[in-house]
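*Asks:* below: sequence and its predicted model.
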Amino acid sequence: MRPEIRFLLGDRPVRLAGLSPTLTVLAWLREQARLAGTKEGCAEGDCGACTVVLGEPQGGPGSGGMRYRAVNACLLFMPALDGRQLLTVEHLRGADGALHPVQQAMVEHHGSQCGFCTPGFVMALFALYQGGGGVTRAAAAEALAGNLCRCTGYRPILDAAVASCAAPAEDRFTAAAGDTAAALRALDDGASLVLDAPGQRCFVPASLDELAALRLEHPGAVLLAGGTDLGLRVTKRHEVLETVISLEKVAALREVVWQGDTVRLGAGLTYAEALPTLAGLHPEFAALVRRIGAGQVRERGTLGGNLGNASPIGDTPPALLALGARLVLRRGGEQRELPLEQFFLGYRQTALAPGEFIEAILVPRPAPDAVVRIFKVAKRFDQDISTCCGAFQLRIVDGVVRQARLAWGGMAAVPCRSPNAEAALLGQPWGEAAVRAAMAALVDDLRPLSDFRGSAAYRLKLAQNLLLKLWLGEAA
Ligand SMILES: Cc1cc2nc3c(=O)[nH]c(=O)nc-3n(C[C@H](O)[C@H](O)[C@H](O)COP(=O)(O)OP(=O)(O)OC[C@H]3O[C@@H](n4cnc5c(N)ncnc54)[C@H](O)[C@@H]3O)c2cc1C
Ligand code: FES
Ligand code: FES
């Protein structure tokens, strides 16, 4: 096992050992690399001031391409850099001092005032620029939803985005893409890592079998996927995670395999990676995923992490419950399947046995005539956690409800279905009377929390009205 991480900082190879495996890239950049262009605003993934770009070779050796993704450095731990290129605002200016096209556009369109948010916007724009051109205003708004600016009112920044990202990328990074990919391949020997620091140890296995063996050997270790939840335990609660097992290098956890009409999604797939498949399963699912956090969070957050954290307000659990998903759990050499309903045992408690982890999620494709609707209710469209999420799948045959799966987030200590409301619909003519009966039955199904997002009474009324909205949408 290799005891150091290797990455490119700009085009300079870096090898580091002995760092805390939960040191954030933001802290390393500012305090050790002395690159202070990347800013800390919130340290919890909300503001985008810390946005940096990660580059990875795209396609096989010889394809010569690079893929660039904007991520939040405040929630990114150093081991995630291994085998990648890290770009910050300091790397964009050319050797002759010329600004990068996205920086130049920000100047020309007056996209910066106090400047605190500007490096983060510039890096999010850089990733957008590298995405291939043809960027519309709507696409720019979606790509920049994870960056906050208190000064400009956003219009000038969106103007800069559309102006600079309209044409296909052509800059010194695209010109050097082949060399950069080759340099990364030379750095990355495909080895597993074990990173030691005083009081901390981090394993980064490179295969599923190795992960399973390590998990069994260290059942008390913390599993680290994208770190968009775990990162907060370090940056906000200042916890020291003593033993960490990172899923970063297990390629098998990022596979998508169709088995007949069921898709097997590796638990390590990020939202950005899973989006095309989820869109193919049902457009409602894709619309939901586009509302999870913002681009930087979706580039790191994983499906497995959204289930493994067992949050009552995670967004994919209700959607997966409505679609009838099952989990593939792995412990050592053994696998078992579990309906998702049986996975959540209590507030942030799961059915995972010691040494077990989520390997994959099996999701059946809804029947062509199924009614599928997913409603996320939050105070803001982007970058906001659900107050309530309702996900519904119905089969209506000859006007009669033959199947009903009504699933909820934010309505109990765990994501859950509502058996009484489902029973009120089953076998009934699909109409307002049955829907009103189901709405009434929700009182027996749901035990909503009261918190700053909404009181229990508000949430219950909301859930009832989401059923009414389902009916009104289908009746229209
Ligand atoms: C700014 C911001 C906005 C967010 N917005 C949303 C939102 O709109 N909706 C939403 O649902 N969530 C949201 N989140 C929460 C978070 O992004 C998601 O829950 C995400 O899916 C977590 O995945 P991760 O890979 O980052 O998990 P991590 O942080 O790496 O891990 C989370 C937990 O899951 C466990 N875990 C991870 N993988 C596995 C596995 N394979 N098997 C067993 N356990 C595992 C970890 O041990 C840990 O306990 C947001 C977070 C931030 C910072
Ligand atoms: S500092 Fe705000 S998102 Fe990282
Ligand atoms: S320019 Fe001041 S916060 Fe954006």
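*Replies:* Thanks, I have the structure now. Ligands and ions are numbered 1, 2, ... in the order given.
*Asks:* residue contacts, the nearest residue to residue 228 once chain neighbours are set aside?
*Replies:* Spatial nearest neighbour of residue 228, excluding adjacent residues (CB to CB, 6 or more residues apart in numbering): residue 301 at 4.3 Å. Any C-beta I mention is one placed from the backbone N, CA and C, and that applies to glycine too. Neighbouring residues of residue 301 by CB atoms under 8 Å, 6 or more residues apart in numbering: 225-226, 228-229, 270-271, 292-293.
*Asks:* cool, residue 246 as well?
*Replies:* By CB under 8 Å, 6+ apart, residue 246 lies in contact with 21, 77, 79-80, 202-205, 224.
*Asks:* and this structure, which residues reach ligand 1?
*Replies:* 44-46, 222-230, 267, 292-293, 297, 300-302, 304-306, 308-309, 314-315, 357-358, 383, 385 (CB under 6 Å from any ligand atom).
*Asks:* kindly recompute the last result at 5 Å.
*Replies:* The chain has residues 45-46, 223, 225-230, 267, 292-293, 297, 301-302, 304-306, 308-309, 314-315, 357-358 near ligand 1, with proximity defined as CB under 5 Å from any ligand atom.
*Asks:* in stretch 88-101, which residues are buried?
*Replies:* Using 16 or more other CB atoms under 10 Å as the burial criterion, the residues of stretch 88-101 that qualify are 88-92, 100-101.
*Asks:* wait, I meant stretch 157-172
*Replies:* 157-165, 169.
*Asks:* can you list the strands that the helix or strand harbouring residue 67 pairs with?
*Replies:* Using DSSP states H and E, the element containing residue 67 is strand 65-72. Looking at strand 65-72 with DSSP bridges, its partner strands are strand 51-58 (antiparallel).
*Asks:* can the partner strand be found next to ligand 3?
*Replies:* No - interface with ligand 3: strand 51-58 contributes nothing (CB under 5 Å from any ligand atom), its closest point being 12.7 Å away.
*Asks:* so is that strand next to ligand 2?
*Replies:* No - Strand 51-58 stays out of contact with ligand 2 when judged by CB under 5 Å from any ligand atom, the minimum separation being 7.3 Å.
*Asks:* so the closest residue to ligand 3 within the stretch 301-450 of the chain: helix, strand or coil?
*Replies:* Closest contact between the stretch 301-450 of the chain and ligand 3, by CB to the nearest ligand atom, is at residue 383 (15.8 Å). Three-state call for residue 383 (DSSP: H, G, I helix; E, B strand; the rest coil): coil.
*Asks:* low-confidence ranges, the stretch 51-200 of the chain, go.
*Replies:* For the stretch 51-200 of the chain, applying pLDDT under 70 flags the ranges 62.
*Asks:* who's in contact with the residue in it that ligand 1 sits nearest to?
*Replies:* In the stretch 51-200 of the chain, the residue that lies nearest ligand 1 is residue 75 (6.0 Å; CB to the nearest ligand atom). Contact partners of residue 75, counting by CB under 8 Å, 6+ apart, are 24, 44-45, 227-228, 231-232, 235, 300.
*Asks:* can we see that at 7 Å?
*Replies:* 24, 45, 227-228, 231 (CB atoms under 7 Å, 6 or more residues apart in numbering).
*Asks:* leaving out the residues flanking it, which one is nearest to residue 264?
*Replies:* Spatial nearest neighbour of residue 264, excluding adjacent residues (CB to CB, 6+ apart): residue 257 at 4.5 Å.
*Asks:* kindly apply the preceding question to residue 300 instead.
*Replies:* Looking at residue 300 with CB to CB, 6+ apart, the closest residue is residue 226, at 3.7 Å.
*Asks:* and the one you found, how far from residue 454?
*Replies:* Relative to residue 454, residue 226 is positioned 27 Å away (criterion: CB to CB, to the nearest Å).
*Asks:* among these two, which residue is more densely surrounded?
*Replies:* For residue 226 and residue 454, the more surrounded residue by other CB atoms under 10 Å is residue 226, and the numbers stand at 26 against 19.
*Asks:* and that one, what helix or strand is that in?
*Replies:* Assigned by DSSP H and E, residue 226 belongs to no helix or strand.
*Asks:* can you pull the pLDDT of it?
*Replies:* The model reports residue 226 with a pLDDT of 98.
*Asks:* what residues are up against whatever residue of the stretch 301-450 of the chain ends up closest to ligand 1?
*Replies:* Ligand 1 sits closest to residue 305 of the stretch 301-450 of the chain, with a gap of 2.1 Å, by CB to the nearest ligand atom. The neighbourhood of residue 305, defined by CB under 7 Å, 6+ apart, consists of 225-226, 228-229.
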